[in-house]
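Novice: below is the structure, and that's it, no one-letter string:
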């Protein structure tokens, strides 16, 4: 297949492109800058110059392809508008892909969030749980991306083989520089301890980014239309265990941050709405339907490899 990939130089994309090429696909990647173009070429991709604001250019690239993988985001909007602005900017992009691919049966695979199905007391979220509606109370949370996921899945009604890969909270690898894990580590160094909310029993999930890249390829190649997939290796690790593992390797104490209107955001800052939630998730349907088999190290094992902790 000739595959158009956005976000190809990011953490996910830089693993997705080699995964696609190794499977025999031809890849064209979106590049906004000379540096991005050089990086894409080094990965083995053909370069399409443009950016996420050029909807006509995106439609042209999608039309010229046999399928699209979209993992790019308007990171420039984060400082001023947060996750809400980033999500809102993606909706017109997905609709543009829809115009280009409508009636073709070609695949569109977009990155989603494991937080989108919401909380289901007593059980993990599954791939059959839809992206829930977003209200004012969800501003600043992972759930604001649901508007993107719903837009993608709805394109199946227009003859697009669209699906969403919900990526785990922590996508870890040797090249992870800006994900949740480096952010938690930087926060701990700044505060002098590794914090967890309350008793730390809230569950977080994780995936090795190489396993996630394989899932994107499988969804592209054979994923049915209108589906959600869970890029989850570790389905639910108590946040306290993650905090204690980080603390042991950083040489810092791990401590509870009380559920307090001042103390909780005083430690977690912009991560407050995320770090205090529980996200248990299953990947059983993904494995059964697509034959996905995550084989890379789990989160706690990967921490033992040391790449997140350069010599102090």
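Specialist: Structure's in. What do you need? Because the structure is a prediction, the values reported are computed rather than measured. Numbers count the residues shown, from 1 in each chain.
Novice: distance check, the nearest residue to residue 226 once chain neighbours are set aside against residue 96.
Specialist: Among residues not flanking residue 226 along the chain, residue 156 sits closest, at 3.3 Å (CB to CB, 6 or more residues apart in numbering). In this view, the C-beta of every residue, glycine as well, is placed from N, C-alpha and C. Distance of residue 156 to residue 96, given as CB to CB, to the nearest Å: 16 Å.
Novice: in the strand or helix carrying residue 190, what's buried?
Specialist: In this structure, residue 190 sits in helix 180-191 according to DSSP states H and E. Of all the residues in helix 180-191, those buried under the rule 16 or more other CB atoms under 10 Å are 180, 181, 183, 184, 185, 187, 188, 191.
Novice: let me see the mean pLDDT of that helix.
Specialist: For helix 180-191, mean pLDDT rounds to 96.
Novice: who touches that helix?
Specialist: For helix 180-191, contacts defined as CB atoms under 8 Å, 6 or more residues apart in numbering pick out 169-170, 172, 176, 194-195, 242-243, 246-247, 250, 252, 267-269, 271, 274-275, 308-309.
Novice: after that helix comes which helix or strand?
Specialist: strand 194-197.
Novice: report all helices and strands that that next one contacts.
Specialist: Other helices and strands packing on strand 194-197, by 3 or more CB pairs under 8 Å, 6 or more residues apart in numbering; DSSP states H and E, are helix 180-191, helix 239-250, strand 254-257, helix 263-268.
Novice: just how off-centre is it within its chain?
Specialist: 23 Å (CA atoms, centre = their mean, to the nearest Å).
Novice: Serialize the buried residues of helix 180-191 to TSV and add fields for distance to residue 49.
Specialist: Listed next are the buried residues of helix 180-191 as TSV, based on distance: CB to CB, whole Å:
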residue	distance to residue 49
180	31
181	32
183	31
184	35
185	35
187	36
188	40
191	42
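Novice: which of these sits closest to residue 161?
Specialist: Closest approach between these and residue 161, by CB to CB: residue 180, at 30.2 Å.
Novice: distance check, that closest one against residue 115.
Specialist: If you measure residue 180 against residue 115 using CB to CB, the figure is 11 Å.
Novice: next up, the contacts around residue 39.
Specialist: Applying CB under 8 Å, 6+ apart, we find residue 39 in contact with 8, 9, 14, 31.
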